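Visitor: I would like the atomic coordinates for the input below:
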Amino acid sequence: MDIVFIKDLKVDTTIGVYDWERSIKQQVHIDLEMGYGISQAAATDELQYTLNYQAVSERIIEFVQQSEFKLIETMAEQIAEIILREFTVPWLALTVSKPGAVPQASSVGVRIERGCR
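Guide: Coordinates of the predicted model:
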């Protein structure tokens, strides 16, 4: 299986459990790897035969910007469900990180895998 990826997609959203976090927008960073066969796209050089990472990115941005979450775990799970359902990928690995959440760390977050590799 080939991998199509999106690295360090930055999206502003409402995320956090504390009152002050609920009153501001914070940036999350999203890394996504998706299993997808690219051989037909490579052979034909036609976009219709590959996974359109621009369309995937736009869908994630739209969803995250319009949503509010307390936990990045919830955000990650819901993004994964959308990608698996709407883009029919058999497998994905998704990392959602929140820079600055812990002052001593550059970022904290979760990484999940869903589907069959």
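
Visitor: and the strands in the chain?
Guide: 3-15, 26-35, 68-69, 91-99, 107-115 (DSSP state E).

Visitor: what's the angle between the fourth one and strand 26-35?
Guide: An angle of 160 degrees separates the directions of strand 91-99 and strand 26-35 when computed by axes from the mean of the first three to the mean of the last three C-alpha atoms, to 10 degrees.

Visitor: mind giving me the packing neighbours of strand 91-99?
Guide: strand 26-35, helix 72-86, strand 107-115 (3 or more C-beta pairs under 8 Å, 6 or more residues apart in numbering; DSSP states H and E). For glycine as for every other residue, the C-beta is placed from the backbone atoms N, C-alpha and C.

Visitor: in its sheet, what does it sit against?
Guide: Paired with strand 91-99 in the same sheet, following DSSP bridges, are strand 26-35 (antiparallel), strand 107-115 (antiparallel).

Visitor: pLDDT of it, averaged?
Guide: The pLDDT scores in strand 91-99 average 97.
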